[in-house]
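Q: Here you go, sequence then predicted model.
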Amino acid sequence: MVMKIEPFMEALEQNDLVGKTIIVLPTPKGTVLNQTISQELSKKENIVFLCGHYEGIDDRIDAMVDYRVSIGDYVIGGGEIASIVIVDSIIRLIDGVLGNTESAKNESFENSLLDHPQFTKPANYNGYKIPEVLLSGHHAQINEWRKKESLKWTLLLRPELLLHSKLLASDKKLLQEIQKEMLQILQSLIG
């Protein structure tokens, strides 16, 4: 079942939105949502989401669409839920939404890396301890630990992200350390 084009076109035209707003179509045929798309959309003034259902909207609607965005390689019932995901990824990038502008700059997918592990109090919960370096107060060591952990978890879980990352010489050095540590672990496992 495909949704007719007429109601969508009428809504856009009657509200004088054509050419004056960014039109986003959540669709499995779109570019998979990523931080770059979210950053682009966060800078736009007006955005309208066209939410299809079942088999989507008559493909002639494509003439009106600025962004076709997928939220992943799976199917959901309609574009409404996908729109909520996209909107949430956009809103948090708008100045003032998070309270601290720096917060959004130090998260997963900034510079194509996953974020480092996060901890809170207590420092020791039933033997599960926060890494000592984080309690040291030594900011340079803490920053290096965070960077190394970010690189390590990206390498382990999403290595393809490293291909798009702008790695500094210091990052490459940390990756060499991680490689050496992983090889030692593997050698101890296989003898």
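A: It's in.
Q: how about low-confidence regions in this protein?
A: Within the chain, the ranges that satisfy pLDDT under 70 run 100-110.
Q: after the longest strand seen in it, next one along is what?
A: In the chain, with assignment by DSSP state E, the single longest strand is strand 22-32. Note on strand 22-32: by DSSP states H and E, the next helix or strand toward the C-terminus is helix 35-42.
Q: From the contact counts, what lies against that next one?
A: Other helices and strands packing on helix 35-42, by 3 or more Cβ pairs under 8 Å, 6 or more residues apart in numbering; DSSP states H and E, are strand 22-32, strand 67-70, helix 79-91. (Glycine included, C-beta is placed from N, CA and C.)
Q: those strands in this protein, which residues are they?
A: All strands of the chain, identified by DSSP E, fall at 22-32, 47-49, 67-70, 124-125, 128-129.
Q: Relative to Gly191, which of the ones you listed is closest?
A: Closest approach to Gly191 among the strands of the chain (Cβ to Cβ): strand 128-129, 29.9 Å.
Q: Figure out how far the closest one is from the centre of its chain.
A: Centroid displacement of strand 128-129 relative to its chain, using Cα atoms, centre = their mean, to the nearest Å, is 29 Å.
Q: ok, residues contacting that strand?
A: Ala123 (Cβ atoms under 8 Å, 6 or more residues apart in numbering).
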